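**Q** My questions concern the predicted model and sequence given below.
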Amino acid sequence: MVEADIATLVEGVNMLWILVVTFLIFFMHAGFAMLESGQVRAKNVANQLTKNLLTWAVGVVMFFFVGAAVSTLVGAITSGSEYSLADAYASTISGDSGAWVDWLFGAVFAMTAATIVSGAVAGRAKLRAYVGYTIVLAAIIYPVVTGLTWGGGFLDELGFLDFAGGMIVHGVGGIAGLTAAWVIGPRIGRFNDDGSVNVIPGHSMTFAVLGTLILAFGWYGFNVGTSVNVFALTDSGVELEGFAYVGRVALATTVGMAFGAIGAGLASLYMTSKVDTLYVANGLLAGLVGVTGIADIVTWYGAMIIALVAGLQLPLVFKFVEQNLNIDDVCAVFPVHGSAGMIGCTMIGIPGLAVSGAGVSLFAQVVGVLVITAWTVLSTAAVFGAFKAAGQVRVSPEHERDGLDVSEHGVDTYPEFGGPD
């Protein structure tokens with residue numbers, strides 16, 4: 001009887017912990033909403049907020065009915081394991097309380113990857129195209145990646161490591177955003193005929209920084225929460241499970257945001273002789289992305305080095321994307337999430353940055369990054385390319401000039417301050 005009571009207590013504590021961090025991760029959507037709406041023009045704020053809302057609403061439904069099962073099937077198929085459609089749906093359609101808690105924990109990660117894309121295509125994408133892509137991403141694109149990795153697929157068997165989604169979640173979102181922005185094309189007036197760049201500032205630095213800090217707070221749920229189970233019940237009694245290394249994860253997350261902001265600030269100072277506020281904010285996030293995939297195995301100094309590099313690269317990569325590729329990545333989602341995720345998951349393969357015995361293979365990390373990148377680019381280009389071929393990928397020039405708040409939603413976010421800018 002006592003042993004049964006202990007087992008119940010262990011299960012209850014573990015589920016409570018997972019739910020608490022899941023709610024923290026969900027709150028990151030408030031951060032994304034503020035960060036992205038702050039970086040768009042006043043005439044497009046309601047459109048950006050609507051996309052954030054619909055990302056969750058549509059995406060979580062698709063992940064329940066399709067995505068979770070696809071992840072299970074891909075993991076089994078690519079690892080040579082036995083599988084059946086009924087078993088793939090068992091944990092969602094007819095699961096128990098624990099299974100549904102696990103599903104929700106996976107769902108908030110999926111929705112994080114999905115919402116990142118909206119920031120890249122802000123100001124010109126049709127709502128139907130964005131929502132259509134969200135359906136495909138939540139049902140197919142992201143679940144294929146998790147099936148290959150966390151689902152036990154061939155990348156997992158190869159030895160690819162990604163603790164909390166530095167590449168699996170953020171890398172996918174950032175690469176998808178860059179690809180979508182390339183297919184859709186830049187906003188009107190972003191580039192001149194000779195390829196030179198015109199800056200289109202966002203309407204609220206305050207919102208952008210507030211969103212950054214909300215995201216940083218929620219990131220403790222994202223990273224520390226991936227430690228998952230607090231306790232494990234073994235033959236010798238109750239032992240720490242995920243909490244055996246939770247301190248390392250919390251430390252890596254904290255120094256990650258700090259050194260990311262410092263790196264971006266230094267790079268900005270070098271490039272412009274000024275410390276750009278938005279670069280510092282996005283650098284903080286890039287540092288977090290850099291350590292997200294490796295927080296459980298990175299040394300304290302390794303976390304600092306990798307986050308510093310993730311911050312330093314942000315202004316440089318953003319400038320390259322903008323000036324060399326002429327891609328209009330409105331909210332810098334690729335340097336914040338894409339390249340930073342690649343850097344973190346690759347650099348951990350450098351000897352000395354991971355803790356002794358971590359078993360990191362640089363080859364497996366590079367292969368994993370390349371495979372995930374290729375799949376995300378091809379699948380995203382196919383979906384947005386199909387919408388483009390059908391003439392449904394972006395709003396008309398008139399609607400873009402008037403603002404998507406009016407043309408797509410019939411509202412004016414700031415009616416007291418006159419017409420659209």
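**A** Yep, that arrived. On a predicted model such as this, the values are computed, not experimentally measured, just so you know. Residues are numbered from 1 along each chain as shown.
**Q** right, and Ala33 touches Gly211 too?
**A** Yes - counting by CB atoms under 8 Å, Ala33 does reach Gly211; the two are 6.9 Å apart. Using the backbone N, CA and C atoms, a C-beta is placed for each residue, glycine as well.
**Q** next one: stretch 133-151 to chain centre, how far?
**A** 13 Å (CA atoms, centre = their mean, to the nearest Å).
**Q** likewise stretch 398-416?
**A** 28 Å.
**Q** ok now do Ala354, which residues does it touch?
**A** Taking CB atoms under 8 Å, 6 or more residues apart in numbering, we find Ala354 in contact with 294, 297-299, 302, 348, 360.
**Q** Tabulate the residues you listed (CSV), appending secondary structure.
**A** Converted to CSV, the contacts of Ala354 look like this (DSSP: H, G, I helix; E, B strand; the rest coil):
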residue, secondary structure
Ile294, coil
Ile297, coil
Val298, strand
Thr299, coil
Gly302, helix
Ile348, coil
Val360, coil
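**Q** Filter the residues you listed down to the buried ones, ChimeraX style.
**A** The buried subset of those, as determined by 16 or more other CB atoms under 10 Å, is captured in ChimeraX by this line:
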select :294,297,298,299,302,348,360
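**Q** among the contacts of Ala354, which two are most distant?
**A** Across those, the longest distance by CB to CB is 11.7 Å; it joins Thr299 and Val360.
**Q** helix, strand or coil for Gly311?
**A** When classified by three-state DSSP, Gly311 comes out as helix.
**Q** could you check the distance from it over to Ile327?
**A** As defined by CB to CB, to the nearest Å, Gly311 lies at a distance of 21 Å from Ile327.
**Q** of those two, who's got more company?
**A** Between Gly311 and Ile327, counting by other CB atoms under 10 Å, Gly311 is the more crowded of the two (34 against 23).
**Q** So what's the residue count around the residue lying closest to that one once chain neighbours are set aside?
**A** In this structure, Gly311 finds its nearest non-sequential neighbour in Gly263, 2.4 Å apart by CB to CB, 6 or more residues apart in numbering. Other residues within reach of Gly263, judged by other CB under 10 Å, total 27.
**Q** does Gly263 sit in a helix or strand, and which one?
**A** Element membership of Gly263, judged by DSSP states H and E, is helix 246-272.
**Q** And Leu233, by the same measure?
**A** Judged by DSSP H and E, Leu233 forms part of strand 231-234.
**Q** Tell me the strands beside that strand, with direction?
**A** Paired neighbours of strand 231-234 in the sheet (DSSP bridges): strand 237-240 (antiparallel).
**Q** got the contact list for the strand it pairs with?
**A** Strand 237-240 is contacted from outside by 6, 10, 230-232, using CB under 8 Å, 6+ apart.
**Q** if you set the cut-off to 6 Å instead, what comes out?
**A** By CB atoms under 6 Å, 6 or more residues apart in numbering, the residues outside strand 237-240 that reach it are 231-232.
**Q** Quick one: mean pLDDT for that strand?
**A** The predicted model assigns strand 237-240 a mean pLDDT of 84.
**Q** cool, stretch 72-85 as well?
**A** Stretch 72-85 carries an average pLDDT of 92.
**Q** ok now it, how far from the chain's centre?
**A** Relative to the chain's own centre, stretch 72-85 is displaced by 25 Å; criterion: CA atoms, centre = their mean.
**Q** Endpoint to endpoint, that stretch covers what distance?
**A** In stretch 72-85, first residue to last residue: 9 Å (CA to CA, to the nearest Å).
**Q** Return the set of buried residues in it.
**A** 72-76, 78-79.
**Q** now swap in stretch 230-241 and tell me
**A** For stretch 230-241, by 16+ other CB under 10 Å, it's 230-231, 233, 241.
**Q** Farthest pair within these?
**A** Val230 and Leu233, at 11.3 Å, using CB to CB across the buried residues of stretch 230-241.
**Q** ok, back up a step: centre of the chain to the helix holding Gly263, how far?
**A** So, by CA atoms, centre = their mean, the centroid of helix 246-272 is 18 Å from its chain's centroid.
**Q** for stretch 223-243, same thing?
**A** Centroid separation between stretch 223-243 and its chain, computed with CA atoms, centre = their mean, is 26 Å.
**Q** Kindly export that stretch (C-alpha atoms) in CSV.
**A** What follows is stretch 223-243, C-alpha atoms only, in CSV (Å, rounded to 0.1, in the frame of the first residue of the first chain):
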residue,chain,number,x,y,z
ASN,A,223,14.3,24.7,-21.3
VAL,A,224,14.0,23.9,-17.7
GLY,A,225,10.7,22.3,-18.3
THR,A,226,12.2,19.8,-20.8
SER,A,227,13.9,18.2,-17.8
VAL,A,228,10.3,16.8,-17.6
ASN,A,229,10.1,14.3,-14.7
VAL,A,230,11.1,15.4,-11.3
PHE,A,231,11.3,12.0,-9.7
ALA,A,232,11.8,8.4,-10.8
LEU,A,233,10.6,5.4,-8.8
THR,A,234,13.3,2.7,-8.9
ASP,A,235,13.9,-0.6,-7.0
SER,A,236,16.0,1.3,-4.5
GLY,A,237,13.4,4.0,-3.9
VAL,A,238,12.6,7.5,-5.2
GLU,A,239,15.4,9.2,-7.1
LEU,A,240,15.8,12.4,-9.0
GLU,A,241,15.2,12.0,-12.7
GLY,A,242,15.2,15.2,-14.8
PHE,A,243,16.0,17.3,-11.7
